[in-house]
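**Student:** For reference, the sequence and a predicted model appear below.
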Amino acid sequence: MKKVLIITYYWPPSGGAGVQRFLKFVKYLNKTSWIPIVYTPENPEYPVLDHSLLSEIPKDVVVLKKKIWEPYGFYKRILGIPDDVKINTGFLTESKKNNFLEKISVWVRGNFFIPDARKFWIKPSVKFLKKYIIENKISTIITTGPPHSMHLIGLNLKRSTGVKWIADFRDPWVNIDYYQDLMLTKSSDNKHKMLEKQVIMGADKVIAIGDSMAAEFTKEYSKDVFVIPNGFDPNDFTEQTDVAKNKLYITHIGTLVKTRNPILLWNVLKKMKDSQTPNFNHIKVRLIGKVDIEVRDSIESMGLLDSVEFIDYLPHSSIISYLKSSSLLLLVLNNTPNLKGILTGKLFEYLAARRPILCFGTHDGDAAKVILNTKSGNVFESRQSSELLRYINNMLVQYNSGGIPNCIGEIDNYSREYQTDQLVEILNSVQS
């Protein structure tokens, strides 16, 4: 049996999308010839908590925890945020804030905490893990980011111990959607790019979650990059849930920041309401998770508050029934320069729910490729107002005449078990 040490910031009881990938990898790796060992912070600043995920950790898996210091107390004092309020990921604004103070805090974040606010965990982690790796004969480590400080732990361990190292990118580094919002100086920008290069060139293997990200890395650094997308666990979808009969639910799960504001949908729904479309009152958009104030303002300004239901963050175990009871599943991709490469984790749970996906993105993007290849839904670009209007009207007709059918495309390649088999192949190749 071979041991692999997995270094991850997100681990139960963390909620949200970031925790799912390696929680599921650990679950299925534990059934292979590889023994997973997890290293994660003892006292992290998670945006959301989901204690239901604790039950998914295999009982015999070793989880190492060390304390981390994060500068969020300083950040909260600048913005006047109470100590018990969690800091959101990305650039989500849930209420009106002091724009000047917000800009100062973002500038400090981007230029002083490189690559991110978890940088202070790098040195103590390297010191602890260097000894642990040697004493426990660890043959391989995997780091997963963001936060990309995890990769810098891997880089330093590789240099100091010679251990085999796989760097897994769940999101890009310098090409992430909010990178341009960090207000970086030229020096800080160069440092980010230098660190990204050191990580990608220093790792024995690099994994990306999508074809576009892999192609970008390969083009920039002339290095082969493996692709293992996010996925779904079939065991999460065994419970039978019927599609709701009382409403045509269009459901979105996860955070809606301002760059994911589905203006096209709000415009079309407003047209349908204003033209008194028959049975329009049967349509209900469910937004499950945190919603940016700009998104809420858009909904209110178009007079659609009666057509939208806001539901706070739910445990992962509760999400599945909402997905399966929906008529349509809403996927909104960030309207940012990296739109083509965005392949959000929720897409794959949408696939497993077998309900049609209504995606706002680009026809030549990674997400569109998955949706169209699996015959799981439709993709609309920002200019397709008339096409979207026809589509929703057609869905409303289907709903009222018996219901919108399930999708039955081939999705097995996106199961967590299949993807773990791919990871095992990479692990074996590193050792050989």
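**Tutor:** Yep, that arrived.

**Student:** From now on I want contacts and neighbour counts done on CA atoms only, so please keep to that.
**Tutor:** OK.

**Student:** Which segments of the chain make up each domain?
**Tutor:** For the chain, the structural domains run 2-231+416-431, 234-412, going by automatic domain parsing.

**Student:** Show me the least confident stretch of those domains, going by mean pLDDT.
**Tutor:** Mean pLDDT values for the domains of the chain show the minimum at domain 2-231+416-431, a mean of 90.

**Student:** and the end-to-end length of it?
**Tutor:** 10 Å (C-alpha to C-alpha, to the nearest Å).

**Student:** And it, how far out from the chain middle?
**Tutor:** 12 Å (C-alpha atoms, centre = their mean, to the nearest Å).

**Student:** How about stretch 241-251?
**Tutor:** The chain centre lies 25 Å from the centre of stretch 241-251; the measure is C-alpha atoms, centre = their mean.

**Student:** Please list the residues outside it that contact it.
**Tutor:** The set of residues external to stretch 241-251 that reach it, using C-alpha atoms under 8 Å, 6 or more residues apart in numbering, is 282-288, 321-330, 396, 399.

**Student:** now swap in stretch 409-420 and tell me
**Tutor:** Looking at what lies outside stretch 409-420 - C-alpha under 8 Å, 6+ apart - the contacts are 24-25, 28-29, 228-234, 348, 351-352, 374-376.

**Student:** Mind doing that once more with 7 Å?
**Tutor:** 24-25, 28-29, 228, 231-234, 348, 374-376 (C-alpha atoms under 7 Å, 6 or more residues apart in numbering).

**Student:** wait, is residue 310 part of a strand?
**Tutor:** Yes - under the criterion used here (DSSP: H, G, I helix; E, B strand; the rest coil), residue 310 sits inside a strand.

**Student:** does it have beta-bridge partners, and which?
**Tutor:** residue 287 (DSSP bridges).

**Student:** isn't it right up against residue 290?
**Tutor:** No - taking contacts as C-alpha atoms under 7 Å, residue 310 lies outside contact range of residue 290: 8.7 Å.

**Student:** When those two are compared, which one has more neighbours?
**Tutor:** residue 290 (20 against 14; other C-alpha atoms under 10 Å).

**Student:** That one and residue 181: what is the separation?
**Tutor:** 20 Å.

**Student:** Over to residue 51?
**Tutor:** Distance of residue 51 to residue 181, computed by C-alpha to C-alpha: 32 Å.

**Student:** What are the boundaries of the strands in the stretch 1-150 of the chain?
**Tutor:** Per DSSP state E, counting those that start in this stretch, the stretch 1-150 of the chain carries strands over the ranges 2-7, 34-41, 62-66, 140-145.

**Student:** and of those strands, who's closest to residue 214?
**Tutor:** strand 140-145 (14.6 Å; C-alpha to C-alpha).

**Student:** who's in contact with residue 308?
**Tutor:** Residue 308 neighbours (C-alpha under 7 Å, 6+ apart): 284-286.

**Student:** just residue 212 next, same as before
**Tutor:** When contacts are counted by C-alpha under 7 Å, 6+ apart, residue 212 touches 341, 366.

**Student:** could you redo the last one with a cut-off of 6 Å?
**Tutor:** Residues counted as contacts of residue 212 (C-alpha atoms under 6 Å, 6 or more residues apart in numbering) are residue 341.

**Student:** same thing with residue 309?
**Tutor:** Neighbours of residue 309 in contact, by C-alpha under 6 Å, 6+ apart: residue 286.

**Student:** Apply 7 Å and report the result again.
**Tutor:** Counted by C-alpha under 7 Å, 6+ apart, residue 309 has contacts 285-287.

**Student:** In JSON lines: these, plus neighbour count and distance to residue 176.
**Tutor:** Output for the contacts of residue 309, formatted as JSON lines (neighbours: other C-alpha atoms under 10 Å; distance: C-alpha to C-alpha, whole Å):
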{"residue": "285", "neighbour count": "22", "distance to residue 176": "28"}
{"residue": "286", "neighbour count": "20", "distance to residue 176": "27"}
{"residue": "287", "neighbour count": "21", "distance to residue 176": "24"}
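
**Student:** Quick check: the closest residue to residue 317 other than its chain neighbours vs residue 253, distance?
**Tutor:** Nearest residue to residue 317, sequence neighbours excluded (C-alpha to C-alpha, 6 or more residues apart in numbering): residue 52, at 6.8 Å. From residue 52 across to residue 253, the span is 17 Å (C-alpha to C-alpha).

**Student:** the more surrounded of those two?
**Tutor:** Shown here are residue 52 and residue 253; by other C-alpha under 10 Å, residue 253 has more neighbours (24 against 15).

**Student:** In a markdown table, list the strands of the stretch 1-150 of the chain along with distance to residue 422.
**Tutor:** Compiled in a markdown table, the strands of the stretch 1-150 of the chain are given as follows (distance: least, C-alpha to C-alpha, whole Å):
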| stretch | distance to residue 422 |
| --- | --- |
| strand 2-7 | 15 |
| strand 34-41 | 13 |
| strand 62-66 | 23 |
| strand 140-145 | 14 |
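
**Student:** Verify the contact between residue 18 and residue 10 for me.
**Tutor:** Yes - between residue 18 and residue 10 there is a contact at 6.1 Å, judged by C-alpha under 7 Å.

**Student:** Show me which of these two is the more surrounded one.
**Tutor:** With neighbours defined as other C-alpha under 10 Å, residue 18 and residue 10 compare such that residue 10 has more, 25 against 20.

**Student:** Quick one: the helices in the stretch 1-150 of the chain, in order.
**Tutor:** Using DSSP state H, counting those that start in this stretch, the helices of the stretch 1-150 of the chain run over 20-29, 72-79, 99-112, 122-135, 149-161.

**Student:** In CSV: those helices, plus distance to residue 356.
**Tutor:** Formatted as CSV, the helices of the stretch 1-150 of the chain follow (distance: least, C-alpha to C-alpha, whole Å):
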stretch, distance to residue 356
helix 20-29, 22
helix 72-79, 40
helix 99-112, 38
helix 122-135, 43
helix 149-161, 36
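
**Student:** Could you work out which of these reaches nearest to residue 428?
**Tutor:** helix 20-29 (12.5 Å).
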